[in-house]
Structures are given as structure tokens and as C-alpha cells.
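*Asks:* Sequence below, structure please.
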Amino acid sequence: GEATTAAAADSAASAASAVKGALSSSSRQIVVCQSALDCARRIFGKMGGAEERRRFSDLLTRVTVVKDNISDRVKALSSVSKKIKHETLAIFGTGDAMGATTITSNQGFVRSARKNGVYIKVFVHPSRALIGHLRA
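*Replies:* Sure, this is the predicted structure:
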């Protein structure tokens with residue numbers, strides 16, 4: 001009902017605020033692996049509105065792009081399931097190799113990794129749809 005919707009909206013707003021706080025902290029370096037950058041560019045190019053693309057461009061001015069470098073323990077997950085995309089392995093594996101916290105909404109991969117004994121440092125946030133393309 002309405003209360004559930006309001007609670008979900010408050011939760012999403014809180015998560016978005018927490019992610020923004022983590023990204024805006026001057027004490028943290030923001031890195032993005034090449035696979036994550038390529039994926040984000042595809043998504044924003046297809047689905048993002050003008051304002052979303054502008055915010056994405058602003059974010060890119062504050063990040064350092066690193067080469068994909070999949071940690072051995074994340075790479076080993078590919079033998080457990082052939083359904084895991086290389087892009088997903090690259091994103092989580094690079095963060096793992098760097099000892100960085102990966103900010104993600106991909107709860108499925110995180111859960112699957114944990115079931116297989118691989119605990120990755122993550123900040124999981126609710127997924128949010130890009131809405132700019134709907135406003136045309």
C-alpha cells in the first residue's frame with residue numbers, strides 16, 4: 001500500500017544519499033575498471049536522459065579508470081557457473097584485487113559469490129531505473 005511505497009521511496013532516497021556521500025568524500029579515491037566504464041557508457045547512451053548523462057559526465061571527471069584485473073578468487077567463480085558474464089567478473093574481481101569496496105546493486109552476484117565462499121567488500125544499494133529517456 002501507500003505506507004510500503006513511502007517506506008521504499010525513503011529507503012531508496014537514503015541509499016542514494018549514502019552512495020552520494022561515499023562518492024563525494026574527499027578522502028576516498030574513486031576508481032572504475034574499464035569494463036564497468038564501458039558498461040555504464042552503453043547504459044547511459046541508450047537509456048539516460050540529458051540530465052542523467054550530464055551527471056554521469058560530471059562523475060567521470062572525478063574517477064580514475066583502471067585496467068580490468070580479476071582477482072584469482074573471483075576468477076575461480078567462473079568455473080562454478082558459466083552464466084556469470086566476463087564483465088561482472090571483471091568489475092567485482094578488479095575491486096577485490098585492489099582491496100576496494102565495490103558499490104553495486106547486483107545482489108544476485110554478491111549472494112552467489114558468498115554461497116561459494118567468496119566474500120567481496122561491497123556496498124549494495126537498491127537499483128534505480130534511468131528515467132530521462134521516458135521524458136521525451
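
*Asks:* dump the residue contacts of the most centrally placed residue in the chain.
*Replies:* Compute the mean C-alpha point of the chain, and by C-alpha atoms, centre = their mean the closest residue is T104, 3.2 Å away. T104 sits next to I91, F92, V110, V122, F123, V124, H125 when contact means C-beta atoms under 8 Å, 6 or more residues apart in numbering. C-beta: built from backbone N, CA, C; applies to glycine.

*Asks:* can you give me the strands for this protein?
*Replies:* 30-33, 63-66, 102-104, 122-124 (DSSP state E).

*Asks:* Output those as CSV; include the columns mean pLDDT and distance to V74.
*Replies:* Output for the strands of the chain, formatted as CSV (pLDDT from 0 to 100; distance: least, C-beta to C-beta, whole Å):
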stretch, mean pLDDT, distance to V74
strand 30-33, 96, 12
strand 63-66, 96, 15
strand 102-104, 95, 10
strand 122-124, 96, 12
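
*Asks:* Distance to E52 for these - can I get that in CSV?
*Replies:* Shown next, in CSV, are those (distance: least, C-beta to C-beta, whole Å):
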stretch, distance to E52
strand 30-33, 17
strand 63-66, 16
strand 102-104, 17
strand 122-124, 21
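
*Asks:* looking at these, which is closest to E51?
*Replies:* Checking those against E51 by C-beta to C-beta gives strand 63-66 as the closest, at 19.1 Å.

*Asks:* T101: neighbour count?
*Replies:* By other C-beta atoms under 10 Å, the residues close to T101 number 13.

*Asks:* I'd say it and V124 touch.
*Replies:* No - using C-beta atoms under 8 Å, T101 makes no contact with V124, being 10.4 Å away.

*Asks:* returning to that earlier point: so how far is V122 from the residue nearest to the centre of the chain?
*Replies:* 6 Å (C-beta to C-beta, to the nearest Å).

*Asks:* quick one: the helices in the chain?
*Replies:* 2-24, 34-47, 50-60, 72-75, 77-80, 86-98, 107-115 (DSSP state H).

*Asks:* Mind listing the residues bridging to the residue nearest to the centre of the chain?
*Replies:* Applying DSSP bridges to T104 yields these beta-bridge partners: V124.
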